[in-house]
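In: I need the structure of the sequence given here:
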Amino acid sequence: MGLHAGGDGDRQTEDMNEPEIYCPKCEWRPRAEDQWSCVPGCGTVWNTFWTRGTCPGCSHTWRITQCLACGEVSPHTDWYHYPDEKQPERADEREALAI
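Out: Numbers count the residues shown, from 1 in each chain. Sure, this is the predicted structure:
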């Protein structure tokens, strides 16, 4: 969750609109120091959640993200879990409805 400065001095409050980020398969939560590689691609190494899946080296937007814990691959957007439950439909739910 993000923090932002409040309107009254230096007090900081949690931004309740920020999503929690975790693997939709195993619920592993990436840390700031965790890194992914743009492969195949330009080879840049960075934390994919800092840029919502867009490589800072070549601007390729990755639609899928592999979990560093369980190794499963999921749509990048499925990693974002919003506290107010007003998140977009998950890709696997859309696919299930299409069948």
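In: now the helices: where do they sit in the protein?
Out: Shown for the chain, the helices assigned by DSSP state H span residues 91-98.
In: just for it, where's the confidence low?
Out: Confidence mapping of the chain against pLDDT under 70 gives the ranges 1-16, 85-99.
In: so where do the strands sit in the chain?
Out: Read by DSSP state E, the chain holds these strands, from start to end of the chain: 3-5, 12-14, 20-21, 36-37, 45-46, 64-66, 73-75, 80-81.
In: Paired strands for the fifth one, with orientation please.
Out: The pairing partners recorded for strand 45-46 under DSSP bridges are strand 36-37 (antiparallel).
In: Other residues contacting the partner strand?
Out: The set of residues external to strand 36-37 that reach it, using Cβ atoms under 8 Å, 6 or more residues apart in numbering, is 43-48, 62, 65-66, 68. Where you see a C-beta, it was placed from the backbone N, CA and C, and this is true even at glycine.
In: Buried ones among the residues you listed?
Out: Neighbour-count burial (16 or more other Cβ atoms under 10 Å) is assigned, among those, to 48, 62, 65.
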